[in-house]
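In: Predicted model and sequence follow; I will ask about them next.
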Amino acid sequence: MDEDSSSTIHDGGISDNGSSFVWRKRKASSMGLTAAPLLSPLLPFTSSHVAQEIGIAAGGDILTSLFFEFQRSTSQRLLALQDTKVYHLPIGEILAEGAYLTSDQHIKALEVITEDKHRLEQLLNILLKWRMDLGIKDPTPREQQIAPTARHRDGLCENDEIAERKDLAINYMFCRVLIKVLENRAVLLDRLLVKKIVTICFLHFGLDEKMRSHRNIASALEVVDLFAQAIGVISQTCFTIVSEYFLKLLSEYESDPMYTSILIQNMKYLKIKLYPVPDLDSCFNFLYKCALHFTAATKKDVKHAWSFLFVELLLPVAAVAKTEVNVPSVRKFVSHIYDQAYELSKKSKHSTAMHPLVAALLCLSQKEVFLKQWISFLNTSIVALKSSGKLGRIALDSIYKLVWVYMVRIGGEDNTTTDLRLRAILEGLFPSGHKHFFPRDGASIIFSRILLFIAKERLDVVIRFVNGELLTPVYSSRLVPHRMIVAIRSVLLITNQLEGTQKTEVFPTGADALVKTPLTTASLTEQQATSMGFHQYLTPFRNLLHQLLKLLDTTIGNDTMMVSQLGVRSGSDKMDKPTLDLFRTTLLAVPRFFDDTCIEWLPFIFHASVNADAEVRKQASTVLQCILRNHPQLRSQLLQSFVTYIISSVPSSNHDAINVCLRIVIYLLRQWLRTAKEKRASMAQEDKQLNYIARVFGSDLISSQGDIVVDFHNGSGKNTASNTSDLKSNSNSSS
């Protein structure tokens, strides 16, 4: 960094323009800093300067000083919101966590310093006063009863839009601080203070309906969601206050279905406590009162809002319950709401909203209730799988959760009944004679995990279905990419789970339900397969994998190589996405199932290393490195075979292909060298351990190997027989 262009910093931080701080200057270059923008100071070097501006004595309350720093950085962000370059962006993109590091630091500091009740209440009062001093006016309860009017955008003054945007930004920062300082805090705050904050949060539900500017609607929705999150955080320690206020509003606005729906949906972040049991009872007694409102509701939107809320609150409870929840209040809630929810799920106008609710209720019910009720709902869901649009995906998600409960939590029933249920599920998901699974737009990872859940108790059923139904078309030279991808990935997941390299599958909920599990690249040996009960399935699956590699190489491998003119001209047309995904998935399984008997797979992998598709080439290179690492006895043969393939099959005139192949050779040599170094390091560590053992236990252990005797007094070894005899005589006398 140039001396002239280096940033000027001070002891304690960087000076702001117009600041009255007078600190000793130093050059950033003299401290080894780069020209990257530096953060403003979290705290001034001394509090005397702050005292002059906010009117507190020097050395006064550090909380007030911290809040002053937060207030100053927030004011700068509010000014930045008026910039025409960012005026079209929602305020969340400008004020969210991570967008401005200085504000993040200030909020984090406020969280750290308010760990005790006194300072937390002090900060909340300061925060409320700051918001009020900035002129924020909360909607009055009377305004909520008025039906929303059309937004008048044409005659709206630009200053009004800016004023709306500023108010939204202040509320946004208010909620950010509120959420940060209250989450994960087991502190009982003053009841009146909590009621005041809860009232403010509830008053802002439906705020987007009051925005006159169309450009501020997205920002208003973000602020409403933050107020809803704040209600959820407060409910962790003050559940009774939140629930009572919510039920009170429900009674007051019962005649306003639109606002009632908004109110219900914004309770989605409410926290249901599982421990201790009295808290669980309290939460489900509240849910029972909500269930009374649900059964009494007549409007479709209100019914659907209740269903959405119950699903959001119940699924986390079902996820952490390792066994059935045998609590009277839970049974009372489930029994009251289930019948009506199930009947509504069979009606077309309610099916998409009620299907998730029925599934959640079943996941929360007792074992006897589940086994009695789930058959009829399972059949309904299987029929709904073939529905187009959203209902098919919802039915798949319901089956996903029900299979987890049936196989993982309950462990199935007797063999005959379990086989009957599983056969119905598998035939519904993978109808015989079809090339796709159902629904067609379902995520393939869900189907793989359903097979994984079943394999936890009935491995034979899954492997028989995979080999006999999903992968068997390969013997007739047919590719069914979607089904085969599910089959291969499910077998990889099953071997991971059997070997213990993968944690037991948890209840599928939220975004985690679609997250792909990392797969191990370690080779599965015969001994490991025997110990995990997979030995009888290992050879048949290797044969299927070999046939699949051979068919893929014939179908898209040879014709789409970089060394083939046909591949250069028509590779992109010939390689459709499902077949390419199958090719990549098959290559992904090679390191896991490769052993000395699979040498004939290597030519197929060599062809893939010069494939026209970059992802296939990358996958093939990774596979070769894994084989070289996992099988030391094949390293020289692998490298020699690959070099021979390059010389014989890759034209020297094709510079791109030669470049790719040489890079792979370099990667293989590096992997070999890295593996050799790791082995030497392991051996050196083992030698150190042996030497340490010899020093600890004495030379009796090593005297048979030579005449060296360790003298523990001077730390030297003496090559004398007398020392040996002396040590032995001493040992005999002591014994």
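Out: Cool, the structure landed.

In: Break down the stretch 601-735 of the chain into its strands, ranges please.
Out: Along the stretch 601-735 of the chain, the segments classed as strands by DSSP state E, counting those that start in this stretch run 709-710, 717-718.

In: Could you identify which of those has the lowest mean pLDDT?
Out: Here the strands of the stretch 601-735 of the chain differ in mean pLDDT, and the lowest is strand 709-710 at a mean of 34.

In: so after the strand or helix carrying Leu391, what's the next helix or strand?
Out: Taking DSSP states H and E as the criterion, Leu391 maps to helix 390-403. Going down the chain from helix 390-403, the next helix or strand is helix 415-429, by DSSP H and E.

In: buried stuff in that following helix?
Out: Residues of helix 415-429 classed as buried: Thr418, Arg421, Leu422, Ile425, Leu426, Gly428, Leu429 (neighbour count, 16 or more other C-beta atoms under 10 Å). Placement of C-beta: from N, CA and C, glycine included.

In: distance between the next helix or strand after that helix and the chain's centre?
Out: Moving toward the C-terminus from helix 415-429, the first helix or strand encountered (DSSP H and E) is helix 444-455. Mean-position distance between helix 444-455 and its chain equals 18 Å (C-alpha atoms, centre = their mean, to the nearest Å).

In: can you give me the mean pLDDT across stretch 118-135?
Out: Averaging pLDDT along stretch 118-135 yields 93.

In: Stretch 316-334 too?
Out: 87.

In: Please apply the same query to stretch 424-441.
Out: The predicted model assigns stretch 424-441 a mean pLDDT of 93.

In: Who's the closest spatial neighbour of Gly314, skipping the chain neighbours?
Out: Quick fix: residue 314 is Leu, not Gly. Spatial nearest neighbour of Leu314, excluding adjacent residues (C-beta to C-beta, 6 or more residues apart in numbering): Ala360 at 4.4 Å.

In: Tell me the predicted confidence for that neighbour.
Out: Ala360 is assigned a pLDDT of 96 by the prediction.

In: Next: Tyr692.
Out: Tyr692 is assigned a predicted lDDT (pLDDT) of 55.

In: and what of Ala36?
Out: pLDDT, the model's per-residue confidence, is 38 for Ala36.

In: repeat for Asp700
Out: At Asp700, pLDDT is 43.

In: Ok, Thr560 next?
Out: As predicted, Thr560 sits at a pLDDT of 68.

In: again, but for Asp83
Out: Value for Asp83, per-residue pLDDT: 79.

In: Likewise for Asp281?
Out: Asp281 carries a pLDDT value of 92.

In: How about Thr509?
Out: The score at Thr509 is 79. That number is its pLDDT.

In: So it is in contact with Leu315, correct?
Out: Yes: shown here, Thr509 and Leu315 form a contact pair, counting by C-beta atoms under 8 Å, at 4.7 Å.

In: show me where this structure has strands.
Out: Secondary structure of the chain (DSSP state E): strands at 8-10, 25-27, 709-710, 717-718.

In: Leu602: how many residues sit nearby?
Out: The burial count assigned to Leu602 is 20, neighbours taken as other C-beta atoms under 10 Å.

In: what do you get for Arg409?
Out: With neighbours defined by other C-beta under 10 Å, the count for Arg409 comes to 17.

In: Could I get the contacting residues of it?
Out: Under the criterion of C-beta atoms under 8 Å, 6 or more residues apart in numbering, the contact partners of Arg409 comprise Lys322, Thr323, Glu324.

In: so who does the first one touch?
Out: Under the criterion of C-beta under 8 Å, 6+ apart, the neighbours of Lys322 are Arg409.

In: Give me the below-cutoff pLDDT ranges for the stretch 401-550 of the chain.
Out: For the stretch 401-550 of the chain, residues meeting the criterion pLDDT under 70 lie at 501-504, 510-515.

In: and the nearest residue to Val616 once chain neighbours are set aside, how many neighbours?
Out: Across the structure, with C-beta to C-beta, 6+ apart as the measure, the residue nearest Val616 apart from its sequence neighbours is Ala608 (5.4 Å). Ala608 is flanked by 29 other residues according to other C-beta under 10 Å.

In: Ala608 reaches Arg584, doesn't it?
Out: No: with contact defined as C-beta under 8 Å, Ala608 does not reach Arg584; the gap is 9.3 Å.

In: Nearest residue to Cys598 in space, please, no chain neighbours.
Out: Nearest-residue entry for Cys598: Arg542, 6.7 Å, with adjacent residues in sequence omitted and distances by C-beta to C-beta, 6+ apart.

In: Compute the number of surrounding residues for that neighbour.
Out: 18.

In: And the helices in the stretch 1-150 of the chain?
Out: Assigned by DSSP state H, counting those that start in this stretch, the helices in the stretch 1-150 of the chain fall at 48-54, 62-80, 92-95, 101-113, 117-133, 141-144.

In: who's in contact with the helix holding Leu391?
Out: Helix 390-403 is touched from outside by 318, 351-352, 355-356, 358-360, 362-363, 374, 377-378, 381-382, 384-387, 425, 428-429, 438-439, 441-442, 446, 449-450, 453-454, 507-509, 513, with contacts defined as C-beta under 8 Å, 6+ apart.

In: give me that answer again for 7 Å
Out: 351-352, 355-356, 359, 362-363, 374, 378, 381, 384-386, 425, 439, 441-442, 446, 450, 453-454, 508, 513 (C-beta atoms under 7 Å, 6 or more residues apart in numbering).

In: tell me the angle it makes with helix 415-429.
Out: An angle of 160 degrees separates the directions of helix 390-403 and helix 415-429 when computed by axes from the mean of the first three to the mean of the last three C-alpha atoms, to 10 degrees.

In: Helix 390-403 to helix 444-455, inter-axis angle?
Out: Orientation note: helix 390-403 sits at an angle of 30 degrees relative to helix 444-455 (the same axes, to 10 degrees).

In: Sort out which residues of helix 390-403 are buried, please.
Out: Of the residues in helix 390-403, those with enough neighbours to count as buried (16+ other C-beta under 10 Å) are 391-403.

In: Can you pull the phi/psi pair for the nearest residue to Gln366 once chain neighbours are set aside?
Out: Sequence neighbours aside, Glu324 is the residue nearest to Gln366 in space, at 4.8 Å (criterion: C-beta to C-beta, 6+ apart). When read as degrees, to the nearest 10, the backbone of Glu324 gives phi -60, psi 150.

In: I figured Glu324 hits Glu368, correct?
Out: No: here Glu324 lies out of contact with Glu368, judged by C-beta atoms under 7 Å, at a distance of 8.9 Å.

In: neighbour count winner among the two?
Out: Set Glu324 next to Glu368 and count neighbours by other C-beta under 10 Å: Glu324 wins out with 19 against 9.

In: Which elements pack onto the lengthiest helix in the chain?
Out: Taking residue count as the measure and DSSP state H as the definition, the longest helix of the chain comes out as helix 655-697. Helices and strands touching helix 655-697, by 3 or more C-beta pairs under 7 Å, 6 or more residues apart in numbering; DSSP states H and E, are helix 614-630, helix 635-649.

In: what helices or strands is the shortest one leaning on?
Out: Yep, that's helix 635-649 we're talking about. Counting by 3+ C-beta pairs under 7 Å, 6+ apart, the packing neighbours recorded for helix 635-649 are helix 602-609, helix 614-630, helix 655-697.

In: Compare these and say which comes out lowest on pLDDT.
Out: Between the helices and strands packed on helix 635-649, the one with the least mean pLDDT is helix 655-697; it has a mean of 80.

In: Quick one: distance of that helix to the chain centre.
Out: For helix 655-697, the distance from its own C-alpha centre to the chain's C-alpha centre is 34 Å (C-alpha atoms, centre = their mean).

In: Start the count at 620 instead of 1 going forward.
Out: New numbering, starting at 620: the last item is helix 1274-1316.

In: and the angle for it with helix 1254-1268?
Out: Regarding helix 1274-1316 and helix 1254-1268, their directions subtend 170 degrees when assessed with the same axes, to 10 degrees.
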